[in-house]
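Student: just a sequence and a predicted model for now, questions to come.
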Amino acid sequence: MREIGRRARAAARRMALVPGPVKDAALREAAAALRQAAPAILAANAADLDEGRAKGLTAASLDRLALNPARVEAIAEALESIAGLPDPVGRAMESYARPNGLRIDRVATPLGVVGVIFESRPNVTADAGALCLKAGNAAILRAGSESHRSASAIAQAMSEGLSRHGLPADAIQLVPTRDRAAVGAMLTGLDGAIDVIVPRGGKSLVARVQDEARVPVFAHLEGICHVFVHAAAELGMARAVVRNSKLRRTGVCGAAETLLVDRACAATHLAPLVTDLLEAGCAVRGDEAVQAVDPRVAPATEADWRTEYLDAIIAVRVVDGLEAAIDHIETYGSHHTDSILTEDGAAAERFLAEVDSAIVAHNASTQFADGGEFGFGAEIGIATGRMHARGPVGVEQLTTFKYRIRGTGQIRP
């Protein structure tokens with residue numbers, strides 16, 4: 001692992017100087033290589049899925065792990081999308097002159113070496129590697145044991161594509177072992193080689209990373225996302241957005257886990273919303289008002305308001321207006337993604353201002369919590385902290401900056 005770190009550090013120094021067009025051409029070549037390797041990638045994924053079923057992985061975990069031709073094509077398209085983004089390195093962030101004649105420029109520079117630790121999503125191999133490369137970084141990727149074959153096949157295809165354009169082979173390295181000790185080694189920083197860690201996985205993995213890492217971490221612990229149906233919500237839209245927020249893909253971190261309904265519209269809105277969810281196969285756990293709507297609703301416990309289900313289960317509560325909804329989200333939320341559905345502009349603006357989450361939405365599904373949907377091409381993860389990166393972590397968030405000072409012989413008195 002230390003040797004991987006040393007090689008990544010050397011590659012990062014070279015990557016910081018690679019011109020944007022060269023990086024873009026390499027990413028497009030990597031996308032072509034992925035398409036050519038699709039049969040091998042799908043065969044590796046089938047073996048991972050067989051092993052996952054034998055181990056008893058949940059349906060949500062298997063869905064996150066699974067690839068098919070459409071998903072492989074989506075991975076390739078994401079690489080091409082990243083290649084089409086403006087080069088984030090070297091962009092002028094600020095420029096000004098001081099009274100003494102000094103010219104000061106603040107310019108974007110790569111972070112250096114990014115360590116990415118992920119579990120069941122094999123597409124992270126390509127997304128994370130490509131985003132790091134686009135931002136002039138080197139990446140050390142550690143896939144979970146359940147996705148190791150799939151990740152290895154994707155990494156091999158990408159490496160072949162990148163090497164054709166002279167990029168350093170060590171710019172994207174996949175840790176070749178399933179041994180969990182590799183995670184611990186990365187969390188130490190590999191003797192200063194790793195500049196930041198990004199975990200993508202379940203609560204236990206992220207909690208371990210946040211507890212043990214000796215380098216900065218971009219991460220979210222849980223995606224306890226809320227949809228609040230305000231008194232002025234249009235019912236037809238609310239029904240569509242709630243269904244999509246919960247059920248489009250239940251295993252993603254942007255899936256809604258709690259539905260809050262304003263008591264002022266509960267008489268007209270609550271029953272249709274709950275019935276839609278139940279009839280779509282979603283289990284509903286609710287307070288007394290929600291239970292009264294349908295006998296299929298199970299009682300919600302205190303733990304339900306704090307649970308990231310990642311499954312076809314949702315907790316539903318009736319609240320007394322906007323302030324109560326905001327208080328609930330502040331008490332039980334995870335600062336990930338929260339949405340208000342309303343035609344009242346003032347209520348929407350207050351929600352957007354007061355809810356302290358990385359992503360807040362008005363009249364839109366929580367499942368837009370995705371770097372691709374933000375125009376980032378892809379994302380390396382969602383960050384819910386308040387330092388440097390917040391929300392989807394794309395190429396701009398994978399850069400830092402430095403000041404360049406140009407003078408004419410000035411000295412400080």
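Tutor: Perfect, thanks for sending it.
Student: which stretches of the stretch 1-150 of the chain form helices?
Tutor: With DSSP state H, counting those that start in this stretch as the criterion, the stretch 1-150 of the chain has helices at 2-15, 20-36, 38-55, 59-65, 69-83, 123-134, 148-163.
Student: between the ones you listed, which gets nearest to Glu94?
Tutor: Among the helices of the stretch 1-150 of the chain, the nearest to Glu94 by CB to CB is helix 20-36 (20.5 Å). Every residue, glycine included, has its C-beta placed from N, CA and C.
Student: and the closest one, how far out from the chain's middle?
Tutor: 22 Å (CA atoms, centre = their mean, to the nearest Å).
Student: do the same with stretch 403-413
Tutor: Relative to where its chain is centred, stretch 403-413 has its mean C-alpha point 41 Å off (CA atoms, centre = their mean).
Student: who's in contact with that stretch?
Tutor: Applying CB atoms under 8 Å, 6 or more residues apart in numbering, the contact partners of stretch 403-413 are 100-107.
Student: okay, among those, which ones form the most distant pair?
Tutor: Asn100 and Val107 (20.8 Å).
Student: ok, these two, which is more surrounded?
Tutor: Taking other CB atoms under 10 Å, Asn100 and Val107 do not tie; Val107 has more neighbours (16 against 11).
Student: beta partners for that one?
Tutor: Taking DSSP bridges as the rule, Val107 bridges to Ala92, Lys402.
Student: hang on, isn't it packed against Asp87?
Tutor: No. The pair Val107 / Asp87 is not scored as a contact, 11.9 Å apart, by CB atoms under 8 Å.
Student: check which residues of stretch 254-268 are buried.
Tutor: By neighbour count with 16 or more other CB atoms under 10 Å, stretch 254-268 contains the buried residues 254-262, 264-266.
Student: how about stretch 187-202?
Tutor: For stretch 187-202, the neighbour count (16+ other CB under 10 Å) marks 187-190, 193-202 as buried.
Student: same check on stretch 394-411?
Tutor: Of all the residues in stretch 394-411, those buried under the rule 16+ other CB under 10 Å are 394-399.
Student: how about stretch 150-169?
Tutor: Quick answer for stretch 150-169 (16+ other CB under 10 Å): 150-163, 165, 167-168.
Student: equivalent analysis for stretch 358-374, please.
Tutor: 358-361, 364-372.
Student: nearest to Asn68, of the residues you listed?
Tutor: Closest to Asn68, out of all of these and judged by CB to CB, is Gly372, at 17.7 Å.
Student: which residues does the closest one contact?
Tutor: By CB under 8 Å, 6+ apart, the neighbours of Gly372 are 78, 81, 378-379.
Student: okay if I get those as TSV plus distance to Ile329 and pLDDT?
Tutor: Formatted as TSV, the contacts of Gly372 follow (distance: CB to CB, whole Å; pLDDT from 0 to 100):
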residue	distance to Ile329	pLDDT
Ala78	31	91
Ser81	32	93
Ala378	28	79
Glu379	23	84
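Student: which two in those are spaced the farthest apart?
Tutor: Greatest spacing in the contacts of Gly372, by CB to CB: Ser81 and Glu379 (11.4 Å).
Student: these two - which one has more neighbours?
Tutor: More neighbours surround Glu379 than the other of Ser81 and Glu379, with 26 against 19 (other CB under 10 Å).
Student: from memory Ala8 sits against Leu111, does it?
Tutor: No. Counting by CB under 8 Å, no contact exists between Ala8 and Leu111, whose distance comes to 12.0 Å.
Student: the two: who's more crowded?
Tutor: Ala8 (27 against 23).
Student: what's near enough to touch the more buried one?
Tutor: Ala8 touches 113, 138-140, 170-171, 173, 193-194, counting by CB under 8 Å, 6+ apart.
Student: ok, the residues you listed vs Pro295, which is closest?
Tutor: Using CB to CB, those come closest to Pro295 at Ala139, 51.7 Å.
Student: what's the closest non-adjacent residue to the closest one?
Tutor: Distance criterion CB to CB, 6 or more residues apart in numbering; nearest residue to Ala139, sequence neighbours excluded, is Cys132 at 3.8 Å.
Student: quick one on the thing from earlier: reformat the helices of the stretch 1-150 of the chain as a markdown table; add distance to Ile411.
Tutor: Formatted as a markdown table, the helices of the stretch 1-150 of the chain follow (distance: least, CB to CB, whole Å):
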| stretch | distance to Ile411 |
| --- | --- |
| helix 2-15 | 32 |
| helix 20-36 | 37 |
| helix 38-55 | 60 |
| helix 59-65 | 59 |
| helix 69-83 | 45 |
| helix 123-134 | 40 |
| helix 148-163 | 46 |
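Student: with respect to Ile41, which of the buried residues of stretch 358-374 is nearest?
Tutor: Minimum distance to Ile41 across the buried residues of stretch 358-374 is 19.5 Å, recorded for Gly372 (CB to CB).
Student: can you check the pLDDT for the closest one?
Tutor: pLDDT recorded at Gly372 is 84.
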